[in-house]
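K.L.:
after the sequence you'll find the predicted model.
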Amino acid sequence: MTRADAIIIGGGIHGCSTAVHLCLKGLRPVLVEKDYAGRHASGVNAGGVRQLARHTAEIPLSIRSMGLWERIADIVDDDCEFESHGQVLVAETGEELAACRARVAELEALGFSHEELIDAAELRRLVPAVSDSCPGGIVSRRDGAASPARTTTAFRRKAGHLGAIVREGMGATGIRRQDGLWRVDVGSERFEAPILVNAAGAWGGDIAAGLGEPVPVETVAPMLMITSRVPPFIAPVVILRGRKLSFKQFGNGTVLIGGGHLATPCRDTGETILDWRKLQESARTVFELFPVMRGATIVRAWAGIEARTGDDLPVLGPSAVHEGLYHQFGFSLHGFQLGPGAGAVMAELIVDGSTATPIDGLGIGRFARPSPPPAPRGQP
Amino acid sequence: MTSIPQRDAYDVVVIGAGPAGLAAAALTAGAGLATLLVDENMGPGGQVWRAITTTPVKEKRLLGDDYWAGQRLVDDVRASGAEILQRATVWSLDRTLEVGLSIDGGARLVRAKRIILATGALERPFPIPGWTLPGVMTAGAAQTMLKSSGLLPQGRVVVAGQGPLLWLLSAQILRMGGMIDLVLDTADRRNRLRALPHLPPFLTSPYFFKGLAMMREVRARTQVVGGVTSLAARGSGRVEALAYEAGGRRSEIPVDVLLLHQGVVPNVNLAMAAGVRHRWDDVQLCWVPELDERGESSVAGIHVAGDGAGIGGASVAVHRGRIAARAVIEALKPEAGLALADHATLASELARAERGRAFLDVLFQPARQFRIPADETVVCRCEEVTARDIRESVALGATGPNQLKAYRRTGMGPCQGRLCGLTVTELMAEARGRTPAEIGYYRLRAPVKPITLAELASLPKGEDATKAVVRG
Amino acid sequence: MFKRIEEDRRRAVEIFVEGQSVTAREGDTVAAALLASGLDVRRSTAVSGAPRLPYCMMGVCFDCLVTIDGMGNRQGCLVPVREGMRIEIQKGKREIGR
């Protein structure tokens, strides 16, 4: 039996970030990942580093995280290919622009200023390739993008350098609480610690349910495609207000096309089955909006498996049932940007018992009353 | 031959019209199963019988009897009622047995009850310094041009490497009046002893006499240097010289066309993208799909036949195609299966065709330095990544080919790792002190060949826009 | 780099490479016709701009990428020549994609 200060289950960006931040606070965690760090959603998502268009409940966490992104190389010794060229939400109609205006006003009333309403002229300046008929939108200027695999790997590597015990390629089994400690088996090894962090992504719901805290959560796999290199024509990440499309060009010219169309996940094998008819819709939208893309080739399409909760908000914070148990999963297709901040917040909760970053509304307790509907399992 | 698929769904879709695919499609269509045979090339034949219906090389002895043997299978499949679609690129296949095709700039999805993958082989990567220079090509490339267009390499021509195809190509070029300045044989002489236990069956196989005769034919007409232990192509903007070492002696010769070859390996991209489980073959030094004795893979309904199932050559491929076809017929139309030769007979024919292979597999294992290159050599041609880049990434913490992508984009270009994947696996295995099986391979993704945005946008929407996934 | 055998009796097909007339033969792929043309048909890569010519001629290596009738990134080794076809050599880094 190996004693550690905390056991973290899940080597995605969240588990790895929490491992790094616990180490920075002087703890020695063990990080257990059944595949390898970043194998699923954390390593293969669109890499958007976005405060834009978030639910108000997670905006403080997102802002906290943004501050860490802006000095990411100091934290993990790797620039993670983070670039800040802003993210732009494009309104295609006057109606959509009105919704944007209301949104920005709502955020201002709450004291948030990161989202800025822009008119047609500013939109054209930021995204010259966009259709002339678009009346404006919203920009979040500090936003950007990073390489998800590189980022998650960098956090995993840094955790190791800081003294975390990292186990990849074997899952944690026999999760139990004995003698006031959490114990897990990892292959032939056994670990115990006063703290257990459930950062198991698509598998986080199972762990929570197994420990008596079921959460309405489904397994989803949002699809992405990437193109061959095309001439540089767009700097910020672009999201459409009215359609399922997000769009980003990397420095090397390749273009990532996403937007949340879903593949069929197979959680047992870790595979996903792509839905080409949905990808066809994405392709057609890009074809219509960006003539420069018409001759581009799609080089690869994929989907990463993750968890989506019933209210599209993550589960973050201490267990409502067990002492020493913390949840950090269910980021519902938008957890990548939150990773650095959520790890820092989690380390504060564990070590200091509190955090200055408001995370009200993200706790697991929100599902406990009234009694939640039975959690859907497996394939949606 | 049609130009778009006539149906949305078939009993069997056979992918690849080489020896295995032709043999399989002829049987399934002949048994009355709705069969679609799709192939990327302009005509049937695969690589070994490439352009068999159109080649300008009409004099039979030039390409040899083994080439013209393909004609009968082409005739069979054309008479069988199979729908044949040439110039159709398959870019997607998944475990629901849906096939994504691209034909003349338009995309289509078709469904099948069974799939027979006959995607054949490709030439093993041959990463030597300068292999990306214009004028350096594979021997297979030269043979393709010779068969389909009657084109012969011109200028100072050097053929380097090892294996049966190298000698066959050299013989064909010379027979057709082409010139070869030098053949450099890289066969590792230490393999001879290791292959010895497999010698007896080889001596009674057709490979033995054919191989000897071919080598004699080449040696009689051009200079051959054996025991070559290093190769480096040099030049500015195109290949101009080749430096090599044989028996401890270094030489350099001027060259205009350098043809490289060190054997073939299964073309696994489509099978892997479909989720078919593969294993590392320690003798053939490549990935091969895990198959049962009827060629069915770990994905229900997907069979693999031909060199894509493990290198065996054309006649082995034909037998594997028949075995897979028989299994499919038995599953979908058992009464038609009764008329066919039983499985035991087919299996014993296959065993006969495989005789002698084990000897060749060991004899022609490429030497380490031709598989795991020195630091300055380009490994990933698409993204221009060198062996040094990869070793440095390993030192930084990249543990396998998929993690490496995040550091160096290896395998992320259009060829999707076809020309770097094996090198990356073996190089990382060596750098990390692991076996290739432990290191693994790129996780392959559709589209397995790039499609244009316009093609994808052209995909007919259809009424069944929501895909019903009933399997597994 | 390559020369035609004398017994080739296939019909001639005229194509245009960077505007220049080239006589190919029916059944040639674009890549084969280019290699037989005697012209400098080296493309340059999108990554470093390095010169390349076709390597595998069987649809695997993507070193034969070429612009055919205005459409970029086509695999020249898989496309048959057609009368009047217009082919442009890709200038890679300087002129990515198209």
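P.N.:
Alright, I've got the coordinates.
K.L.:
check the secondary structure at A:Ala344 for me.
P.N.:
helix (DSSP: H, G, I helix; E, B strand; the rest coil).
K.L.:
show me how far the helix or strand where B:Ala195 lies is from its chain's centre.
P.N.:
Assigned by DSSP states H and E, B:Ala195 belongs to helix B:191-195. Centroid separation for helix B:191-195 versus its chain: 25 Å, with Cα atoms, centre = their mean, to the nearest Å.
K.L.:
just to check, A:Arg300 is in contact with A:Thr227?
P.N.:
No. Using Cβ atoms under 8 Å, A:Arg300 and A:Thr227 do not qualify as a contacting pair, with a distance of 9.1 Å. In this view, the C-beta of every residue, glycine as well, is placed from N, C-alpha and C.
K.L.:
neighbour count for those two, which is higher?
P.N.:
Each of A:Arg300 and A:Thr227 has its neighbours counted (other Cβ atoms under 10 Å in any protein chain shown); A:Thr227 has more, 26 against 21.
K.L.:
if the more buried one is in a bridge, with which residues?
P.N.:
For A:Thr227, the beta-bridge partners under DSSP bridges are A:Ile298.
K.L.:
that one contacts A:Phe250, correct?
P.N.:
No. If you go by Cβ under 8 Å, A:Thr227 and A:Phe250 don't touch, sitting 10.0 Å apart.
K.L.:
name the helices or strands packed onto the top helix by length along chain B?
P.N.:
Taking DSSP state H as the criterion, chain B has its longest helix at helix B:314-332. Helix B:314-332 sits against strand B:9-15, helix B:19-30, strand B:106-117, strand B:302-304, helix B:334-337, helix B:343-353, with contacts defined as 3 or more Cβ pairs under 8 Å, 6 or more residues apart in numbering or on different chains; DSSP states H and E.
K.L.:
buried residues in stretch B:305-322?
P.N.:
Of the residues in stretch B:305-322, B:305-322 count as buried by neighbour count, 16 or more other Cβ atoms under 10 Å in any protein chain shown.
K.L.:
how is the chain carved up into domains?
P.N.:
Assuming you mean chain A. According to automatic domain parsing, chain A comprises the domains A:2-76+A:148-215+A:311-367, A:87-142+A:218-308.
K.L.:
let me rephrase: I mean chain B.
P.N.:
Split by automatic domain parsing, chain B gives B:9-122+B:265-340, B:125-262, B:372-439.
K.L.:
please write out the alpha-carbon positions of stretch B:156-168 in CSV.
P.N.:
This file holds the C-alpha atoms of stretch B:156-168, laid out as CSV (Å, rounded to 0.1, in the frame of the first residue of the first chain):
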residue,chain,number,x,y,z
ARG,B,156,21.6,7.1,-65.1
VAL,B,157,19.3,4.6,-63.4
VAL,B,158,20.1,2.9,-60.1
VAL,B,159,17.9,0.3,-58.4
ALA,B,160,18.6,-0.2,-54.7
GLY,B,161,17.2,-2.4,-52.0
GLN,B,162,16.0,-6.0,-51.9
GLY,B,163,13.2,-8.4,-52.4
PRO,B,164,11.5,-10.2,-55.3
LEU,B,165,9.9,-7.0,-56.8
LEU,B,166,13.3,-5.4,-57.1
TRP,B,167,14.6,-8.2,-59.3
LEU,B,168,11.4,-8.4,-61.3
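K.L.:
note down every partner strand of the helix or strand that contains A:Ile7 and its orientation.
P.N.:
Using DSSP H and E, A:Ile7 falls within strand A:6-9. Neighbouring strands of strand A:6-9 in its sheet, by DSSP bridges, are strand A:29-33 (parallel), strand A:195-198 (parallel).
K.L.:
the last one: how far from the chain's middle?
P.N.:
Mean-position distance between strand A:195-198 and its chain equals 19 Å (Cα atoms, centre = their mean).
K.L.:
packing partners of the lowest-mean-pLDDT helix or strand in chain B?
P.N.:
Least confident element among the helices and strands of chain B, by mean pLDDT, DSSP states H and E: helix B:401-408 (a mean of 90). Applying 3+ Cβ pairs under 8 Å, 6+ apart, we find helix B:401-408 packed against helix A:148-161, helix B:387-396, helix B:421-432.
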